[in-house]
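Visitor: the sequence isn't on hand, but the structure is:
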C-alpha cells in the first residue's frame, strides 16, 4: 500500500496501533501541544504531499477536545498538500443530535459534519451512526460501517436455541432485524419514550419474548437508562437469560454500576471507543473492530467496494 499515510489523535491509540499492524503500515506521529492560552497546536510529523491520508479519531469523551484535535489534523493535512484526506471516525458522538425536536436547538450532527468538510475532510469512514439520516448530513462521501457481523460471530458459537433478539426501541429495529437474520433468530422491539438523557420509559415489547433467552441489541450504551428499562419490562414478561450486545460501549456516568447490578449473562461490545480497565465487568467481552476498519481503509485506498463487506448483513 504505497502512497498512504495514517495519523491519529489522542482519543484511541490502542485501536489505531492495531489497525496499522493489520495493514502493515507505520503510524505516523502527530505532535499535539497546548499554548499557554489553552489553544491546541497540531503538527503532523510525516510528509503528506500527494499522499492518501487517513486520520483516525473517535469522538469519545472528552468529545470537544478530540473533535478539535481532529479538525486541526485535517487542516494540517490539507495545508500539507495531501492528495485525499479521509476522516476515520469509529464513533461519531454527535450522531444523537440528529433532529430539531425542541424549539431553538442546534442540530449538532449536521453542524459537525459541515465542520469536518470545512476543515479538510474529502471523505468520512465511520461506524454505526445513531440514525440513518445522519449519513445525509455530510456533503462528502461517507462509508458507513456496522459491527453486526462482528457481534453475530461472537454469538454464533453459542447455543441459541429458544433465543430472540430484542431492540430497546423501534428506531433500532432495522439493525436488530439484520442481526437476528444473520443468526437465524426472531426479533422483537420495545416501544420507548425518552424523558431525559438518562431517563426513558418502555411501556411495551412488540413480539413474543415470554420464556425465551434474550439478546438485547443496541447501537450505543451511554448511561444505561434504556437497557435498565428494557430489562425491567423483559423481567415482567418472564424471559430467561439476558445478554446485551452493542457497538459503542461508552458507559458514561453511573452506567457501569447500573449494569453490574443487573442479572445479565454477558455484555458484549466493541472497541470503537476505549474502555478503561475499571469499566470492564467480569461478564464483559470487548470485540475488536480493527480488522474491519483496516479492511475498509485498504479498500478505500485501492478504489474497491466497501459496501460488499456487509452483503451478509442484509
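Guide: That came in fine, so what should we check first? Bear in mind that the values here come from a model prediction, so they are computed numbers and not experimental data.

Visitor: near the closest residue to residue 171 other than its chain neighbours, how many other residues are there?
Guide: Using CB to CB, 6 or more residues apart in numbering and skipping residues adjacent in sequence, the residue nearest residue 171 is residue 131, 6.9 Å away. Just so you know, the C-beta spots here come from the backbone N, C-alpha and C atoms, and that holds for glycine as well. Residue 131 has 17 neighbouring residues, counting by other CB atoms under 10 Å.

Visitor: likewise for the one 5 residues further on?
Guide: Residue crowding around residue 136 was assessed by other CB under 10 Å; the count is 12.

Visitor: that one and residue 102, how far apart?
Guide: 21 Å (CB to CB, to the nearest Å).

Visitor: could you do residue 158 as well?
Guide: 42 Å.

Visitor: between the two, point out the one with more neighbours.
Guide: Using other CB under 10 Å, the more surrounded residue of residue 158 and residue 102 is residue 158, with 14 against 6.

Visitor: need the three-state assignment for that one.
Guide: Using DSSP: H, G, I helix; E, B strand; the rest coil, the structure places residue 158 in coil.

Visitor: please name the residues that touch it.
Guide: Applying CB atoms under 8 Å, 6 or more residues apart in numbering to residue 158 gives no contacts.

Visitor: where's the residue lying closest to residue 228 once chain neighbours are set aside, which helix or strand?
Guide: Take residue 228 and drop its neighbours on the chain: the residue closest to it by CB to CB, 6+ apart is residue 258, 5.6 Å away. Assigned by DSSP states H and E, residue 258 belongs to helix 255-260.

Visitor: so which elements touch that helix?
Guide: Using 3 or more CB pairs under 8 Å, 6 or more residues apart in numbering; DSSP states H and E, the elements in contact with helix 255-260 are helix 225-236.

Visitor: in the helix holding residue 258, what counts as buried?
Guide: Neighbour-count burial for helix 255-260, counted by 16 or more other CB atoms under 10 Å, picks out 255, 256, 258, 259.

Visitor: cool, stretch 153-166 as well?
Guide: Buried residues in stretch 153-166, counted by 16+ other CB under 10 Å: 155, 163, 164, 165, 166.

Visitor: what about the chain, any weak spots by pLDDT?
Guide: 1, 194-199, 311-314 (pLDDT under 70).

Visitor: quick one: the helices in the protein?
Guide: 13-23, 63-79, 108-119, 148-156, 173-183, 225-236, 255-260, 290-302 (DSSP state H).

Visitor: I'd like these written out as JSON lines, with distance to residue 4 added.
Guide: Output for the helices of the chain, formatted as JSON lines (distance: least, CB to CB, whole Å):
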{"stretch": "helix 13-23", "distance to residue 4": "8"}
{"stretch": "helix 63-79", "distance to residue 4": "12"}
{"stretch": "helix 108-119", "distance to residue 4": "20"}
{"stretch": "helix 148-156", "distance to residue 4": "24"}
{"stretch": "helix 173-183", "distance to residue 4": "31"}
{"stretch": "helix 225-236", "distance to residue 4": "39"}
{"stretch": "helix 255-260", "distance to residue 4": "37"}
{"stretch": "helix 290-302", "distance to residue 4": "5"}
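
Visitor: so which of those helices gets nearest residue 268?
Guide: Set against residue 268 and scored by CB to CB, these come closest in helix 148-156, at 5.7 Å.

Visitor: helix 290-302 and the closest one, what's the angle between them?
Guide: Orientation of helix 148-156 against helix 290-302 (axes from the mean of the first three to the mean of the last three CA atoms, to 10 degrees) gives an angle of 150 degrees.

Visitor: give me the contacts around helix 148-156.
Guide: Residues outside helix 148-156 that contact it (CB under 8 Å, 6+ apart): 175, 178-179, 182-183, 215, 217, 243, 245, 247, 268, 270, 285, 287, 289, 292, 310, 312-313.

Visitor: same deal with stretch 9-22?
Guide: Stretch 9-22 is contacted from outside by 6, 8, 26-27, 30, 32, 55-60, 66, 69-70, 73, 90, 271-274, 288-291, 293-294, 297, using CB under 8 Å, 6+ apart.

Visitor: what subset of those is buried?
Guide: Buried members of those, counted by 16+ other CB under 10 Å: 6, 8, 27, 30, 55-60, 66, 69-70, 73, 90, 271-274, 288-290, 293-294, 297.
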